[in-house]
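Undergrad: Predicted coordinates and the sequence they were generated for:
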Amino acid sequence: MVVTLSQQNEKLCVGVLALQGAFIEHVHILKRLPEVAEAILVRTQEQLESVDALIIPGGESTAMALIAERCGLFEPLRKFTRSKPTWGTCAGMILLANEASKTKKGGQQLLGGLDIAVNRNQFGSQVDSFETDLHMSAVLGESAPPFHAVFIRAPIVTALNSEDVQVLAKLEHQVGQTDTETIVAVRQGHLMATAFHPELTPDDRLHSYFVRLAQDYKGKSQDVVTMAN
Ligand SMILES: NC(=O)CC[C@H](N)C(=O)O
């Protein structure tokens, strides 16, 4: 069987994990994108299994992990993130990291998958939230206008533990004690993570990038299935 172009560019069903945090804003942006057939809230294993790609929103990573455990979604989520396109924003970035700085109470449950270490709450508490422009040329193109990024109790990436991790954005100005050049967005294959909240600005370029990444990924996995047939 030959994979046609229309199959490769198939519209996607994209899920947003809706256990806690800033999920609805992602759905509003996704619904505007031509590549998205459906944008749904994910609260059950059945819903998770029905989506082609997933966004794990900002919120509180410890709470999100606890709720996921309690509703039996933690292991299905871990399984999903091993093979399907997933984008973690802020708390979502923390959950996708293989290592996170410890809380006062000790370690926390992580989904993992991204070969990075993160430091939670790098910039302090809610009152230390800030906004800054990021020139994400790998995502947006060399001469594109910067992305206006909103950071709320954000993490940063403190270590890249694989050559497969691509840096998508670094801080361009020093913020408090945090140096310029600090990594705030990465991609590793089908996984992507941003330390900031891209759903809080009207700019949909990062959602577009993620959805196209997911489309490419779906096209390629169809190719593999086809070749195996
Ligand atoms: N805006 C956010 O998602 C904050 C993340 C939060 N500080 C955490 O540790 O999970």
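TA: Nice, I can see it.
Undergrad: Considering only helices and strands, which part of the protein has the lowest mean pLDDT?
TA: helix 5-8 (a mean of 49; mean pLDDT, DSSP states H and E).
Undergrad: right, and the helix or strand after it?
TA: strand 12-17 (DSSP states H and E).
Undergrad: List the buried residues of the next helix or strand after that next one.
TA: As assigned by DSSP H and E, the chain's next helix or strand after strand 12-17 is helix 24-31. Neighbour counts using 16 or more other C-beta atoms under 10 Å place Glu25, His26, Val27, Ile29, Leu30 of helix 24-31 among the buried residues. No exception for glycine: its C-beta is placed from N, CA and C like everyone else's.
Undergrad: Only alpha carbons, please: show helix 24-31 as PDB.
TA: The C-alpha trace of helix 24-31 is given here as PDB (Å, rounded to 0.1, in the frame of the first residue of the first chain):
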ATOM      1  CA  ILE A  24      -8.900  25.600  28.400                       C
ATOM      2  CA  GLU A  25      -6.800  28.400  26.800                       C
ATOM      3  CA  HIS A  26      -4.800  25.700  24.800                       C
ATOM      4  CA  VAL A  27      -8.100  24.300  23.500                       C
ATOM      5  CA  HIS A  28      -9.200  27.800  22.300                       C
ATOM      6  CA  ILE A  29      -5.900  28.200  20.300                       C
ATOM      7  CA  LEU A  30      -5.900  24.700  18.900                       C
ATOM      8  CA  LYS A  31      -9.500  25.100  17.600                       C
END
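Undergrad: Which residues of this structure lie near the ligand?
TA: Gly58, Gly59, Glu60, Ser61, Cys90, Ala91, Ile94, Arg120, Asn121, Ile152, Arg153 (C-beta under 6 Å from any ligand atom).
Undergrad: which stretches of the chain aren't confidently modelled?
TA: 1-9, 103-106, 222-229 (pLDDT under 70).
Undergrad: could you pull out the strands for the chain?
TA: Counting by DSSP state E, the chain has strands at residues 12-17, 36-42, 53-56, 86-89, 97-100, 114-119, 130-134, 147-151, 156-160, 166-170, 183-188, 191-194.
Undergrad: elements contacting the second one?
TA: Right, strand 36-42. Counting contacts by 3 or more C-beta pairs under 8 Å, 6 or more residues apart in numbering; DSSP states H and E, strand 36-42 packs against strand 12-17, helix 24-31, helix 45-49.
Undergrad: ok, and what's touching it?
TA: 11-18, 23-24, 26-27, 30-31, 47-48, 50-51, 54, 211 (C-beta atoms under 8 Å, 6 or more residues apart in numbering).
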